[in-house]
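Trainee: give me the fold of what follows.
(chains A and B)
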Amino acid sequence: MQLFRLTAHELHDLLIKKEISAEELNLAVFDRIEAVEDRVKAYVTMTKERALEQARSVDRQINDGEKISPLAGIPVAIKDNMCIDGVRTTACSKILANFVPPYSATVVKRLDGAGAIMVGKTNCDEFAMGSSTENSAFFITRNPWDTERVPGGSSGGSAAVIAAGEAICSLGSDTGGSIRLPASFCGVVGLKPTYGAVSRYGLIAFASSLDQIGPFTRDVADCAAMLNVICGHDPLDSTSANYNMPDFTGFLKNDVQGLKIGVPREYMVEGIHPEVREAIEQALSLLEALGAHVEYTTLPHTEYALSTYYLIAPAEASSNLARYDGVRYGYRAEKADDVIDMFMKTRSEGFGSEVKRRIMLGTYALSAGYYDAYYLKALRVRTLIKQDFDRAFEKYDLLVSPVCPTTAFRIGEKTEDPLEMYLSDVCTISINLAGIPGMSIPGGFAQGMPVGLQLMGRHFDEGTLLRAAYTFEQNTDYHKAFPEL
Amino acid sequence: MITKEDVDHVALLGRLELTEEEREMYTRQLNDILEHFQALERLNTENVLPTAHVLPLKNVYREDWAGQHLSREEVLANGPDVEENCFKVPKIV
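Mentor: Modelled structure (predicted):
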């Protein structure tokens, strides 16, 4: 039995029946990492000793007859922009290459508390800025389905480890599609929760009004189990919402009877690959056959979303990244005449090209004389985009679309032209601007590469996404496919 | 239209020192990107309120109590240059 291919809930059953131990499971995953990691290159840092120690402690609990939580003993990977106390955390930037945080992110504490085992930190685009993981300061992660292609980004490492069997569950962060795009490209389940549902404390900030942490898993049941652990109010994040969190596993019902699904027309046109379109149309037919009402609808301001996003996100980023000055932590340039010179050299040597581009863009949009024309204008259009969704959700329980108009592209294919790369996010960014939950589930294949089906719901209605996703999964086999490496 | 001088000004505000190559690249790319953004001007947003934040949260306060904080050693541990419990920087004036 290849333990690394199973889901968390299957492994939980084996653990409580004492058919396997948590240590055995984690060793199996580390063996798998050893076997395939040189081809995938998803991990920036591995925490094997810490993991095996934690695993033995879960085994002691099991042997003492204690009841263990559904994620206890399960190997979990964390995107390298979330802090783990005492474990190097870099945001895949040279400027943080030697940073060892003295505290853990709230999501990490919650997973620790649930007995989940931290396997390591995964590669991403520098400061989560990118759509392919090619902007990592360290190395490029490869798509396990075709190692000549990108895994998507920015959470490419966290998606690749699930597809490759190098972890069972993982965490990513999503500012404009950074969970859903790699989930789509790598054929796994990825969910960006409602803004405010998961604490951002200990997440290295990119764009604070858009960033949200969420899980990658092999199936929808595991996604619900992860949400049960990571969602909930946190006084350490003032934007964290205080709401009545449901038991997400309660939504795992094979039933979409009567569900009203809208398909935004704007997400199905321009440049969509014909086989991606075909996969999405087949998925919609299946949902209809299972009892859902499916019809086309409109989100009329969609064409403005990309410009709005690429003003707001870099503006927030330029402000958030002002803290990297070489004084309290991180990289510092050596030869400097005075303190301003030190700041300038430190930042110029420490940041990569895409990060600098966004600092430039954001600084420009916020600078005197341009603030109203660019930043404020974008905030007003953001309202219109959000209202499109409000109107759609008066009529529909759920919106469905592709995650991306194409499947995973080739390494190097889009690195020359930033606008071309930004276009990969065209179907995902509006969701962050509106703050609603969005999910990618395996929806088929196009020329052998996975196609992600995107589900979008009302604020704090992750439940409807899970119900539709679970129903779709129970009636398809796409999530069971495993890449050959 | 953004000029190289505009790029220099923005780089200074963002505390970035650009090479000649970067100066040219960012001038070209920022112009391309901002041209794309012109599309927003087609929308009349005169009576639309800006959205800075999607949740109806206002003034989140907490109780004023003394909590546990990081020790001085932990705070200073990541400092690139530390002396006598202070972060050391090059001369300012």
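Trainee: now do the strands in chain A.
Mentor: A:43-46, A:75-79, A:117-122, A:169-174, A:189-192, A:212-217, A:260-264, A:293-297, A:398-402, A:438-446, A:449-456 (DSSP state E).
Trainee: need phi/psi at residue B:75.
Mentor: Backbone torsions of residue B:75, given as degrees, to the nearest 10, read phi -70, psi -40.
Trainee: and the nearest residue to it once chain neighbours are set aside, what's its pLDDT?
Mentor: Counting by C-beta to C-beta, 6 or more residues apart in numbering or on different chains, residue A:102 is the residue found nearest to residue B:75 once chain neighbours are left out, at 7.3 Å. In short, each C-beta sits where N, CA and C put it, glycine included. Listed pLDDT for residue A:102 reads 96.
Trainee: quick check: phi and psi on residue A:102?
Mentor: Torsion angles, degrees, to the nearest 10, at residue A:102: phi -90, psi 10.
Trainee: which non-adjacent residue is nearest the residue most central in space within chain B?
Mentor: In chain B, the residue lying closest to the centroid (C-alpha atoms, centre = their mean) is residue B:14, at 7.0 Å. Distance criterion C-beta to C-beta, 6+ apart; nearest residue to residue B:14, sequence neighbours excluded, is residue A:363 at 4.2 Å.
Trainee: which residues of the stretch 1-150 of chain A fall in helices?
Mentor: A:8-16, A:22-40, A:48-63, A:106-113 (DSSP state H, counting those that start in this stretch).
Trainee: tell me which of those sits nearest to chain B.
Mentor: Judged by C-beta to the nearest C-beta, the one of those that comes nearest to chain B is helix A:106-113, at 13.9 Å.
Trainee: okay, the angle between the closest one and strand A:117-122?
Mentor: In terms of direction (axes from the mean of the first three to the mean of the last three C-alpha atoms, to 10 degrees), helix A:106-113 departs from strand A:117-122 by 150 degrees.
Trainee: tell me which residues of helix A:106-113 come out buried.
Mentor: Neighbour counts over helix A:106-113 (16 or more other C-beta atoms under 10 Å in any protein chain shown) mark A:106-112 as buried.
Trainee: got the contact list for it?
Mentor: A:71, A:76, A:78, A:82-85, A:104, A:118, A:171, A:198-199, A:201-203, A:213, A:229-230, A:232, A:234, A:236-237 (C-beta atoms under 8 Å, 6 or more residues apart in numbering or on different chains).
Trainee: which SS state does residue B:58 fall under?
Mentor: Using DSSP: H, G, I helix; E, B strand; the rest coil, the structure places residue B:58 in coil.
Trainee: looking at the stretch 1-150 of chain A, which residue is nearest chain B?
Mentor: Closest point on the stretch 1-150 of chain A to chain B, by C-beta to the nearest C-beta, is residue A:102, at 4.1 Å.
Trainee: which residues touch residue A:320?
Mentor: With contacts defined as C-beta under 8 Å, 6+ apart, residue A:320 is in contact with A:205-208.
Trainee: can you tell me how far residue A:143 is from residue A:56?
Mentor: Noted for residue A:143: a distance of 34 Å to residue A:56, by C-beta to C-beta, to the nearest Å.
Trainee: of those two, which one has the most company?
Mentor: residue A:143 (31 against 14; other C-beta atoms under 10 Å in any protein chain shown).
Trainee: surely the more buried one meets residue A:149?
Mentor: Yes. Counting by C-beta atoms under 8 Å, residue A:149 is a contact partner of residue A:143 at 4.3 Å.
Trainee: what's the overlap in contacts for these two?
Mentor: Common contact partners of residue A:143 and residue A:149 (C-beta under 8 Å, 6+ apart): A:185, A:408, A:449.
Trainee: list the buried residues of stretch B:83-93.
Mentor: For stretch B:83-93, by 16+ other C-beta under 10 Å, it's B:87, B:89-90.
Trainee: average model confidence for the helix or strand encompassing residue B:5?
Mentor: According to DSSP states H and E, residue B:5 maps onto helix B:4-13. On average, the pLDDT along helix B:4-13 is 96.
Trainee: now do the next helix or strand along the chain from that helix: distance to the chain's middle.
Mentor: Next in sequence after helix B:4-13, counting helices and strands by DSSP H and E, comes helix B:20-37. Relative to its chain's centre, helix B:20-37 lies at 19 Å (C-alpha atoms, centre = their mean, to the nearest Å).
Trainee: may I have helix B:20-37 exported as PDB, CA atoms only?
Mentor: C-alpha atoms of helix B:20-37 as PDB (Å, rounded to 0.1, in the frame of the first residue of the first chain):
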ATOM      1  CA  GLU B  20      20.400  51.400 -16.200                       C
ATOM      2  CA  GLU B  21      18.900  48.200 -17.600                       C
ATOM      3  CA  GLU B  22      16.200  48.100 -14.900                       C
ATOM      4  CA  ARG B  23      15.400  51.800 -15.500                       C
ATOM      5  CA  GLU B  24      14.700  51.100 -19.200                       C
ATOM      6  CA  MET B  25      12.800  47.900 -18.500                       C
ATOM      7  CA  TYR B  26      10.500  49.400 -15.800                       C
ATOM      8  CA  THR B  27       9.900  52.500 -17.900                       C
ATOM      9  CA  ARG B  28       8.700  50.400 -20.800                       C
ATOM     10  CA  GLN B  29       6.700  47.900 -18.700                       C
ATOM     11  CA  LEU B  30       5.100  50.500 -16.500                       C
ATOM     12  CA  ASN B  31       3.900  52.300 -19.600                       C
ATOM     13  CA  ASP B  32       2.500  49.100 -21.000                       C
ATOM     14  CA  ILE B  33       0.700  48.200 -17.800                       C
ATOM     15  CA  LEU B  34      -0.700  51.700 -17.200                       C
ATOM     16  CA  GLU B  35      -1.900  51.900 -20.800                       C
ATOM     17  CA  HIS B  36      -3.900  48.700 -20.000                       C
ATOM     18  CA  PHE B  37      -5.300  50.500 -16.900                       C
END
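Trainee: OK, contacts around residue 52?
Mentor: Assuming you mean chain A. A:23, A:26-27.
Trainee: not quite, I wanted chain B
Mentor: Per C-beta under 8 Å, 6+ apart, neighbours of residue B:52: A:209, A:379.
Trainee: sec struct for it, please.
Mentor: coil.
Trainee: and it, how close does it get to residue A:382?
Mentor: In terms of C-beta to C-beta, residue B:52 sits 8 Å off from residue A:382.
Trainee: now do residue A:436
Mentor: 13 Å.
Trainee: can you check residue B:11 too?
Mentor: 27 Å.
Trainee: repeat for residue B:65
Mentor: Taking C-beta to C-beta, one finds residue B:65 at 37 Å from residue A:382.
Trainee: the two: which is more packed in?
Mentor: Between residue B:65 and residue A:382, counting by other C-beta under 10 Å, residue A:382 is the more crowded of the two (30 against 5).
Trainee: now do the contacts for the closest residue to the more buried one other than its chain neighbours.
Mentor: In this structure, residue A:382 finds its nearest non-sequential neighbour in residue B:51, 4.4 Å apart by C-beta to C-beta, 6+ apart. Residues in contact with residue B:51 (C-beta under 8 Å, 6+ apart) are A:379-380, A:382-383, A:386.
Trainee: could I get the residues you listed as a markdown table with pLDDT and distance to residue A:46?
Mentor: Converted to a markdown table, those look like this (pLDDT from 0 to 100; distance: C-beta to C-beta, whole Å):
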| residue | pLDDT | distance to residue A:46 |
| --- | --- | --- |
| A:379 | 97 | 42 |
| A:380 | 97 | 46 |
| A:382 | 98 | 40 |
| A:383 | 98 | 45 |
| A:386 | 98 | 41 |
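Trainee: just to revisit the earlier point, quick one: which of the shared contacts of residue A:143 and residue A:149 has the most company?
Mentor: These, ranked by neighbours (other C-beta under 10 Å): first place residue A:185, 35 neighbours.
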